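Colleague: need a structure here:
(one chain, ligands or ions: 1)
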Amino acid sequence: MLSDREAKQQVLQITNELFAMGLMTATGGNVSALAAEPATIWITPSRMYKGGLGEADLVRIDGGGNRREGERTPSIEWQMHFASYAACPALTGAVHTHAPIATAFGIARQTFPPINTDAVFLRDTVTVPWILPGSKELADAVGEALKKSRGCILQNHGLMTVGKDLRDAATHAMVLEETAKIVLYTKQFGGDVSLIPAEWVERLARLAGFV
Ligand SMILES: [Zn+2]
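Modeller: Numbering: from 1, shown residues only. Have a look, this model is predicted:
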């Protein structure tokens, strides 16, 4: 378990990285990590520019959305973060991004063909249909989706990824965006698409739980 100081530093580090990569937009997307006190999380604030957050901008809240530390208003997606942790008790970090290519991938109802190993590992990615952002209904649907996969696409909205730690959750978001980008490029090239042979897809899929 991380100390509060470590958890806050990780939330800021990951938010800065995702913003620099263009996966987090100016005000879209949010990041959380479990806090030292059980059943509370550190989360990024609502509506603030995500490119320059400091420790004082982070908020610690409980499962009812009550602020325990910090002055800012927590992200409106706080229920989605708590639903994600509830879905799998081993998780300690959660990332919601508005990554543009993976978001468009969901809008265009794409799936991951076996074009590389990452695409095979991502093939269980669940797409959650459009539900109002910030709602309890969206939180519940994401919680259900994350029981089946470590990441899901929120249709007409963005992504939610989780991990045993925040680095793991962020890596999953980055890999989803990169792989959606390769699918996009592949379709733009057109022509004959070369896929990993079916027997290899099955062998690789069995390794997915170990990466
Ligand atoms: Zn969002």
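
Colleague: got the phi/psi numbers for residue 100?
Modeller: The phi/psi pair for residue 100 (degrees, to the nearest 10) reads phi -60, psi -40.

Colleague: can you tell me the element the closest residue in space to it that isn't next to it in sequence falls in?
Modeller: Nearest residue to residue 100, sequence neighbours excluded (Cβ to Cβ, 6 or more residues apart in numbering): residue 22, at 7.0 Å. From N, CA and C alone the C-beta is placed, and that goes for glycine too. Residue 22 belongs to no helix or strand when assigned by DSSP states H and E.

Colleague: do I have it right that residue 22 meets residue 98?
Modeller: No. Under the criterion of Cβ atoms under 8 Å, residue 22 is not in contact with residue 98, lying 9.7 Å apart.

Colleague: OK, contacts around the residue nearest the centre of the chain?
Modeller: In the chain, the centroid-proximal residue (Cα atoms, centre = their mean) is residue 161; its distance is 2.5 Å. With contact taken as Cβ atoms under 8 Å, 6 or more residues apart in numbering, residue 161 is in contact with 94, 95, 97, 150, 151, 152, 169, 170, 172, 173, 176.

Colleague: again, 7 Å this time
Modeller: Neighbour list for residue 161: 95, 150, 151, 169, 172, 173, 176 [criterion: Cβ atoms under 7 Å, 6 or more residues apart in numbering].

Colleague: which SS state does the first one fall under?
Modeller: Reduced to three states with DSSP: H, G, I helix; E, B strand; the rest coil, the structure at residue 95 is strand.

Colleague: residue 170 is in contact with that one, correct?
Modeller: Yes. With contact defined as Cβ atoms under 7 Å, residue 95 counts as touching residue 170 (5.4 Å).

Colleague: overlap in contacts, these two.
Modeller: 14, 18.

Colleague: neighbour count for these two, which is higher?
Modeller: residue 95 (32 against 25; other Cβ atoms under 10 Å).
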